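Q: Based on what follows, work out the 3D shape:
(one chain, ligands or ions: 3)
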Amino acid sequence: MNSHELSIREKNIVFIGFMGVGKTTIGKRVAEKLYRSFIDADDEIEKAFGMPPKEVFEKYGEKTFRDKEREIITHLCTEQKLHIISLGGGAFMQEEIRKACLENCIVIYLDLSWEHWKDRIGLIIDSRPVLQGRSLDEIEELFYKRQEYYEVHHSKMETDEQDPEEVATHIVDSLKLAWELY
Ligand SMILES: Nc1ncnc2c1ncn2[C@@H]1O[C@H](COP(=O)(O)OP(=O)(O)O)[C@@H](O)[C@H]1O
Ligand SMILES: O=C(O)C1=C[C@@H](OP(=O)(O)O)[C@@H](O)[C@H](O)C1
Ligand SMILES: [Mg+2]
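A: Numbers count the residues shown, from 1 in each chain. Ligands and ions are numbered 1, 2, ... in the order given. This next block holds a predicted model:
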């Protein structure tokens with residue numbers, strides 16, 4: 001599919017940001033509000049291996065996970081339209097994924113400050129392989145190191161002090177406005 005043939009309304013919407021910022025939760029809600037199909041890249045990886053990301057990391061190693069992640073996301077970005085797609089937090093570290101998403105889709109960065117992110121760690125610590133065995137200082141370092149990759153996006157949404165419903169509503173309103181303008 002040639003993305004230049006797609007109108008802004010037809011393009012996939014892709015959510016990026018650090019682990020736990022709410023990409024999966026908010027992506028799902030945005031899809032419901034827009035009556036669009038939702039795809040979580042991690043779910044697709046899970047289907048491909050028959051096990052969740054944490055087990056893929058443990059059984060096959062991170063490189064195998066990242067290779068499959070790249071294959072799945074570049075395919076989704078170039079072969080699908082009108083979908084809402086949430087990536088895993090590490091996906092944007094790969095140049096090929098960044099390029100495929102930025103060229104073909106509308107990329108929305110969900111931003112959360114470290115101060116707020118810290119309070120959410122208990123919700124995700126057990127299921128995120130990248131956090132295993134890392135001290136809070138090391139996680140903070142990773143958090144800030146990754147920001148520069150997320151900084152290349154089409155739109156940024158601050159999510160501090162907002163519940164998923166508020167963030168999703170705000171995103172849908174902004175998208176509708178953009179669709180009217182272009
Ligand atoms: N805006 C929010 N406010 C409070 N909790 C949230 C918010 N967004 C997500 N969460 C919670 O944080 C956890 C991680 O959310 P998730 O959508 O899986 O993040 P991601 O896909 O970015 O890793 C979940 O338990 C979810 O309910
Ligand atoms: O940041 C990362 O490297 C990862 C984030 C996870 O997704 P979420 O960002 O949805 O937690 C998942 O893809 C995997 O555990 C690796
Ligand atoms: Mg997720």
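Q: Could you list the contact residues of this protein toward ligand 1?
A: Contact residues (CB under 6 Å from any ligand atom) of the chain with ligand 1: 17, 19-25, 86, 120, 123-124, 159, 162-164, 167. C-beta here means a position set from N, CA and C on the backbone, and glycine is covered the same way.
Q: and ligand 3, which of those reach it?
A: Restricting the residues of the chain next to ligand 1 to those near ligand 3 by CB under 5 Å from the ion leaves 23, 24.
Q: close to ligand 2, is stretch 119-139?
A: Yes: Stretch 119-139 is in contact with ligand 2 by CB under 6 Å from any ligand atom, via 128, 129, 130.
Q: Most neighbours of all the residues you listed, which one?
A: residue 128 (20 neighbours; other CB atoms under 10 Å).
Q: can you pull the contacts of the spatially closest residue to that one that is not a sequence neighbour?
A: Closest residue to residue 128 apart from its sequence neighbours, by CB to CB, 6 or more residues apart in numbering: residue 19 at 5.2 Å. By CB atoms under 8 Å, 6 or more residues apart in numbering, the contact set of residue 19 is 88, 89, 90, 124, 128, 130, 131.
Q: The second one against residue 147, yeah?
A: It refers to residue 89. No: assessed by CB atoms under 8 Å, residue 89 is found out of contact with residue 147, at 11.3 Å.
Q: Neighbour count: those two, which is higher?
A: Neighbours were counted for residue 89 and for residue 147 using other CB under 10 Å; residue 89 has more, 24 against 13.
Q: Tell me which stretches of the chain form strands.
A: In the chain, the strands defined using DSSP state E lie at 13-16, 38-40, 84-86, 106-111, 155-158.
Q: Nearest to residue 94 among those would be which one?
A: Nearest of the strands of the chain to residue 94, taken as CB to CB: strand 13-16 at 11.7 Å.
Q: In this structure, which residue sits nearest ligand 3?
A: residue 24 (3.3 Å; CB to the ion).
Q: Could you tell me the model confidence score at that residue?
A: pLDDT recorded at residue 24 is 98.
Q: Next one: it from residue 7, what distance?
A: Here residue 24 is placed at a distance of 27 Å from residue 7 (CB to CB, to the nearest Å).
Q: Identify the contacts common to residue 89 and residue 147.
A: By CB under 8 Å, 6+ apart, the residues touching both residue 89 and residue 147 are residue 18.
Q: what packs against the helix-or-strand element of the chain with minimal mean pLDDT?
A: Here the helix or strand of the chain ranked lowest by mean pLDDT, DSSP states H and E is helix 164-181, holding a mean of 95. For helix 164-181, the helices and strands in contact under the criterion 3 or more CB pairs under 8 Å, 6 or more residues apart in numbering; DSSP states H and E are helix 23-34, strand 106-111, strand 155-158.
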